[in-house]
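Chemist: With the input below, show me the fold.
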Amino acid sequence: MSNTIDQNIGGDNPISNLVFHWIAIFNDGKIEQFENGKEHLFKEVRDRMNDLVYFNLTDRKGHLFTVNLQNGLIGYNRLEFPYIETDEKKENIRLIFFRRHRIELGTNNLEEKSHTIAYHLGCQYNDEYNHNHKIILEIDSEGNWILRS
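Modeler: Coordinates of the predicted model:
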């Protein structure tokens with residue numbers, strides 16, 4: 001059975017080496033990165049940050065990472081990680097999401113020897129004293145993650 005990722009990503013597509021794809025859930029609906037044969041740009045999410053409630057990264061293996069932008073919590077497979085005290089007042093909660101590509105080239109012919117992608121997902125917020133805090137997961141293509149703050 002195919003899913004929307006399978007239907008929209010072909011082998012000749014330059015984006016096909018992405019393992020994780022995002023799903024943005026807003027107050028009034030959602031946008032999937034790949035939907036109905038079309039790729040949505042992350043700019044569409046950035047333009048609606050004030051309405052963003054959850055931001056998910058998912059893969060074909062069933063991993064699901066979620067940022068809850070109402071409470072400033074990160075979840076994995078529908079469980080939220082309360083790494084920071086949940087009674088702490090969090091203000092101005094903002095999404096952190098980017099990919100870091102690492103490409104190893106051959107020394108003689110500069111051909112690509114390897115290409116890995118690390119996904120960085122999290123949030124930052126201000127506490128009641130206006131101190132900035134960050135919680136970031138670095139996720140590899142296998143779904144392993146490291147907490148960075």
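Chemist: What residues are bridge-paired with the closest residue in space to L147 that isn't next to it in sequence?
Modeler: The shortest distance from L147 to any non-neighbouring residue, by Cβ to Cβ, 6 or more residues apart in numbering, is to L137 (6.1 Å). (Glycine included, C-beta is placed from N, CA and C.) Here L137 sits in beta bridges with L121, L147, as judged by DSSP bridges.
Chemist: which residues touch L137?
Modeler: Neighbour list for L137: 65, 74, 120-122, 145-148 [criterion: Cβ atoms under 8 Å, 6 or more residues apart in numbering].
Chemist: Burial check on F98, number of neighbours?
Modeler: F98: 10 surrounding residues under other Cβ atoms under 10 Å.
Chemist: quick one, strands of the chain?
Modeler: 21-26, 29-32, 34-35, 38-39, 52-58, 64-68, 73-76, 79-81, 91-105, 112-126, 132-139, 145-148 (DSSP state E).
Chemist: lowest-confidence stretch among those?
Modeler: Mean pLDDT is lowest for strand 79-81 among these, at a mean of 61.
Chemist: K134 against G122, yeah?
Modeler: Yes - using Cβ atoms under 8 Å, K134 is in contact with G122, at 6.4 Å.
Chemist: Out of all residues in the chain, which is the farthest from the middle?
Modeler: Most distant from the centre of the chain: N108, at 35.4 Å, with distances by Cα atoms, centre = their mean.
Chemist: Could I get the contacting residues of that residue?
Modeler: N108 neighbours (Cβ under 8 Å, 6+ apart): none.
Chemist: do the one 10 residues further on as well
Modeler: Remark: with contacts taken as Cβ under 8 Å, 6+ apart, A118 is in contact with 99-100, 102, 138-140.
Chemist: which of these sit farthest apart?
Modeler: Using Cβ to Cβ, these span at most 13.9 Å, a distance reached by R102 and I139.
Chemist: Between these two, which has more neighbouring residues?
Modeler: Neighbours per residue (other Cβ under 10 Å) separate R102 from I139, with I139 holding more: 23 against 9.
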